[in-house]
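[1] Just a sequence and a predicted model for now, questions to come.
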Amino acid sequence: MMMNTITITNEPIPTKLLSVPTNNLNFSKLKNGSRMLLYNFLCNFCDYIPRIKNKKLLKSCIKLRYCSIVEEKTLIGHTDNVTCLVKLNEFKLISGSHDSTIKIWNLSTGSCIKTLNNYDQSNLPDSVLCLLKINSNTIVSGNDSCLIKIWDLEKGKCIKTLKGHKHSVLCMIRLNYTHIISGSIDNSIKTWNIETGNCVNNFTYHEAVLCIIRIDKKNLANGSDDGIIKIWDLDTGKICKNLHSHTNAIWSLAKFSRYFLVSCSEDYTIKMWDLNSYSMIKYFIYGDAILCIVTLKEKKIISGSEDGTINMWDITGDFCISIGDNKKPFSFNHNYSIRCLIKLNEFQIICGSSDKTIKIINTSI
């Protein structure tokens with residue numbers, strides 16, 4: 001029986017590809033040598049990828065490009081809950097924890113390559129609750145002590161401290177090259193100039209700010225302890241919309257393109273909002289509190305829950321595809337909650353858990 005081969009338009013087919021079968025090819029089952037051969041091809045002949053005719057094959061090639069670099073694994077090193085994650089680049093991850101450390105990880109090997117110890121003003125250990133990347137050598141941490149710290153990764157030390165919040169800082173986003181926005185349990189959202197360290201704007205509400213996201217150039221959304229999503233005008237500092245539907249704390253917000261907002265809550269639901277009408281257009285119900293979400297391009301939502309389960313939700317078909325829990329494919333108790341999720345690429349996610357570990361998981365089924 002003839003096997004299919006990759007066809008590329010207007011270019012000769014590289015010799016390395018002539019023996020590559022494409023019928024029902026499962027990249028995860030390829031031996032290491034074959035995986036590296038294909039990965040090296042994709043690196044050396046990446047100009048060919050956009051010319052592949054078959055869309056499914058194109059997706060598989062891109063998937064292999066990523067999944068050959070980082071395989072499913074567990075990163076072990078923290079001694080308390082992993083609270084936040086940020087992708088530094090294709091090969092490095094940064095994590096924060098209740099153990100008062102920030103760790104830098106090599107994703108290819110799964111090893112910790114540097115640990116930054118976080119202390120408060122009294123030189124006591126200070127839990128790291130959120131992280132934000134500024135550039136390849138600079139990150140910002142939001143801490144339990146109310147402080148926001150700017151870190152130089154190469155030097156491995158804090159180079160600036162931002163003071164102004166009165167309670168734990170739970171979330172941060174980038175506003176532009178020189179400004180960031182933070183949200184806190186002290187019911188405030190603050191804008192900071194990271195060059196001067198000054199707070200330049202302050203929005204206040206009567207509930208804790210648990211998560212924030214930029215909607216567009218003029219508007220910001222935040223999830224609160226009272227289950228209300230508030231849309232803020234960044235110019236005036238005033239609330240221009242309140243989105244009511246959740247009945248408990250909203251822990252995470254994400255976007256599909258510029259038209260849709262997704263929220264998850266302790267009320268066991270994920271809800272999808274139309275940003276033109278600010279109306280809820282879809283919802284999903286799970287059996288436990290949902291603490292974090294990320295979105296994928298193929299109209300999928302990945303959620304992490306209090307019970308340790310990670311689920312994939314198809315927004316076009318209105319159904320849930322379970323892609324595993326904290327026990328699969330790893331031998332850890334699935335009763336530990338998923339505290340944070342980030343997207344490594346369109347085929348892999350990384351989750352941080354109350355079991356003190358970080359896991360890289362393939363989302364393709």
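    Alright, I've got the coordinates.
[2] what about the chain, any weak spots by pLDDT?
    1-71, 298, 318-319, 321-335, 364-365 (pLDDT under 70).
[3] Let me see the domain layout of it.
    Split into domains by automatic domain parsing, the chain comes to 15-67, 73-362.
[4] Return the most buried member of those domains.
    domain 73-362 (a mean of 18; mean count of other Cβ atoms under 10 Å). To be clear about C-beta, it is placed using only N, CA and C from the backbone, and glycine gets the same treatment.
[5] gap between the two ends of that domain?
    Terminal residues of domain 73-362 are spaced 10 Å apart (Cα to Cα, to the nearest Å).
[6] OK, contacts around residue 72?
    329, 359, 360, 361, 362 (Cβ atoms under 8 Å, 6 or more residues apart in numbering).
[7] and these as JSON lines, adding distance to residue 313?
    Output for the contacts of residue 72, formatted as JSON lines (distance: Cβ to Cβ, whole Å):
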{"residue": "329", "distance to residue 313": "21"}
{"residue": "359", "distance to residue 313": "19"}
{"residue": "360", "distance to residue 313": "20"}
{"residue": "361", "distance to residue 313": "15"}
{"residue": "362", "distance to residue 313": "17"}
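[8] Looking at those residues, which are in strands?
    Among the contacts of residue 72, the residues falling in strands (DSSP state E) are 359, 360, 361, 362.
[9] Would you quantify the distance from the nearest residue to the third one once chain neighbours are set aside to residue 234?
    To tie it back to what came earlier, the one meant is residue 361. Take residue 361 and drop its neighbours on the chain: the residue closest to it by Cβ to Cβ, 6 or more residues apart in numbering is residue 349, 5.5 Å away. As judged by Cβ to Cβ, to the nearest Å, residue 349 and residue 234 stand 30 Å apart.
[10] What of residue 141?
    Residue 141 is 23 Å from residue 234, by Cβ to Cβ.
[11] need the helices for the chain, in chain order.
    Using DSSP state H, the helices found in the chain span residues 32-44, 55-67.
[12] For the residue nearest to residue 361, which residues are in contact?
    Contacts of residue 349 by Cβ under 8 Å, 6+ apart are 294, 302, 310, 341, 342, 343, 360, 361, 363.
[13] any chance of those in CSV, with distance to residue 199 too?
    Converted to CSV, those look like this (distance: Cβ to Cβ, whole Å):
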residue, distance to residue 199
294, 29
302, 34
310, 37
341, 29
342, 27
343, 30
360, 37
361, 38
363, 39
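[14] follow-up on the earlier one: what is the nearest of the ones in strands among the contacts of residue 72 to residue 147?
    Within those, proximity to residue 147 (Cβ to Cβ) peaks at residue 359, which comes in at 29.0 Å.
[15] my guess is the closest one meets residue 342, correct?
    No. Using Cβ atoms under 8 Å, residue 359 is not in contact with residue 342, being 11.6 Å away.
[16] Overlap in contacts, these two.
    Contacts common to residue 359 and residue 342, judged by Cβ under 8 Å, 6+ apart, are residue 350.
[17] Quick check: residue 178 touching residue 193?
    Yes. With contacts defined as Cβ under 8 Å, residue 178 counts as touching residue 193 at a distance of 5.9 Å.
[18] Can you tell me who residue 201 pairs with across the strands?
    residue 191 (DSSP bridges).
[19] and it, what is it in contact with?
    Counting by Cβ under 8 Å, 6+ apart, residue 201 has contacts 190, 191, 237.
[20] gap between the last one and residue 203?
    Between residue 237 and residue 203 the distance, using Cβ to Cβ, works out to 5 Å.
[21] try residue 191
    Where residue 203 is concerned, residue 191 sits at a distance of 8 Å (Cβ to Cβ).
[22] same deal with residue 197?
    For residue 197 relative to residue 203 (Cβ to Cβ), the value is 19 Å.
[23] check contacts around residue 99.
    Here residue 99 is in contact with 78, 79, 80, 125, 127, 356 (Cβ under 8 Å, 6+ apart).
[24] can you check residue 356 too?
    Contacts of residue 356 (Cβ under 8 Å, 6+ apart): 76, 78, 79, 80, 81, 82, 97, 99.
[25] And for residue 338?
    291, 292, 304, 305, 306, 308, 309, 310, 326, 351, 352, 353.
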